[in-house]
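Colleague: Quick one: sequence plus predicted model below, questions after.
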Amino acid sequence: MDITMNLYPSTKLVTSALRVVFTLTIFIFYLSRFGLDRSFLNNILVFYILFLFAESMRSSDLQESLLDGFMKISFSLFMIPIGMELAKWKSNALIKPMIWMVIILLLNYILSQFFKLGTSIYDEDSFYKGGATAAAPILLTTAIIYIFHAFNKKELPYSNWIILIIVAAALFTILISVKRGAILSTIFGFVIYLLNTSRKGSSLFYLVITVGVLYVISLNFTEVLQERLEARTTERNDIQNENRYKETFYIMEELEKMSVLEIVFGKEAFNSGSIMRKYFSHSRQLHVDYNIIFLGTGVFGFLFYFFVHYSIWSQAKEFLNWVKRLANEEIRFRANEDYALIVSLMIVSFIMSFSGGLQFLSYRIILFLLIGYSLGNLNVEHLKLKFQLRKAASNN
């Protein structure tokens, strides 16, 4: 749907509506079939979503705040409990969709070079993105880390060599896109995963092999890579000249004019264009996620955003401690890999948020679905152990 919206702008409104209906159908089915457990994490998510709704209702442009802000963020956060429920019903459910998502994006990029589809970013007639959105490189990053995780758990559905080539091609696409957020997220995401995985040696070994294949692929495109890097590192693209950098200082100016209530709870949630118009001479929405959250929802909303992520990590850590204390070595290993993935994807999200990603619907939905599913895998093992303990206690 994302690719179609970009390739056929005339049908964007219809396709966008279909995407929303498709997502809502999943939510309605989930709630009607399973309901929502009153766990601490779910309570936090519901409170934060309701808070964002209330903040959006205070905006001078309800359509902008509710549709482009609240709806996209609430949709993505709601994928956490859905992912957790999915883990109870089907193991290894998401690896094939992630692999095929990468293949679809790679085919899009390959066909775009042949037929010059879409726009050529950063350098004329250099690298056409076709129907891929600005979030496509970070979608590739998210999928690659998940594929690497599935490889570690021996859950890959296809030949390791085929997957290796796909992953190397995806990494090359991220590199040639010269999207700094995606590149840095990939690096830090893998570093965090390596620090938390139980198989650091073998993980590093296979990562080196993948990078080696990437290097061989890159040798055939040295000139293109150099041209794109030069186009990306012009004076206009220096950080001090970028609007993402400038907007932070404009927010500081706004803070001096805001009341105490506005500083605490923000103003114009997800409608920052109305405020930034005076600085950019046009209605430009903020791009850095942290600036969007801070200006729109204030200090309270800003801190609570991180508390939501802390709650996810805390829940994952609690489940992991249960498993590590009571399970056998194989189950402990699998649980630890799920925990490593959760932490890694959260770091990917934090890094990407400096470039912007909060309002990329598909990216955030997939990111939190993977986090929720991995959290669900941990919970399944946690529930099994609880059941075994109760059974043992009743027998005694």
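Modeller: It's in.

Colleague: Neighbours of I80, how many?
Modeller: 24 (other CB atoms under 10 Å). The C-beta positions use only the backbone N, C-alpha and C, and glycine is treated the same way.

Colleague: any idea how far F387 lies from A327?
Modeller: 13 Å (CB to CB, to the nearest Å).

Colleague: do A132 as well
Modeller: Distance of A132 to A327, given as CB to CB: 42 Å.

Colleague: Please identify which of these two sits among more neighbours.
Modeller: A132 (26 against 18).

Colleague: was I right about the more buried one contacting L105?
Modeller: Yes: the criterion here is CB atoms under 8 Å, and A132 meets it with L105 at 6.1 Å.

Colleague: what's the overlap in contacts for the two?
Modeller: Residues touching both A132 and L105 (CB atoms under 8 Å, 6 or more residues apart in numbering): there are none.

Colleague: residues near V323, how many?
Modeller: 24.

Colleague: what's the answer for F188, then?
Modeller: The burial count for F188: 17, using other CB under 10 Å.

Colleague: contacting residues for it?
Modeller: I347, V348, I351.

Colleague: give me that answer again for 7 Å
Modeller: Taking CB atoms under 7 Å, 6 or more residues apart in numbering, we find F188 in contact with I347, I351.

Colleague: Quick check: it vs E64, distance?
Modeller: Applying CB to CB to F188 and E64 gives a distance of 32 Å.

Colleague: Surely A182 and I138 touch.
Modeller: Yes: between A182 and I138 there is a contact under CB atoms under 7 Å: 4.6 Å.

Colleague: Pick out whichever of these two has more residues nearby.
Modeller: I138 (31 against 27).

Colleague: Which SSE is immediately downstream of the helix or strand containing that one?
Modeller: Using DSSP states H and E, I138 falls within helix 136-152. Reading on from helix 136-152 to the C-terminus, the next helix or strand found by DSSP H and E is helix 160-177.

Colleague: Show the low-confidence segments of the protein, by residue range.
Modeller: 233-241 (pLDDT under 70).

Colleague: Tell me how far I144 lies from G130.
Modeller: I144 sits 20 Å away from G130, taking CB to CB as the criterion.

Colleague: Repeat that for I99.
Modeller: 20 Å.

Colleague: Likewise for A87?
Modeller: 34 Å.
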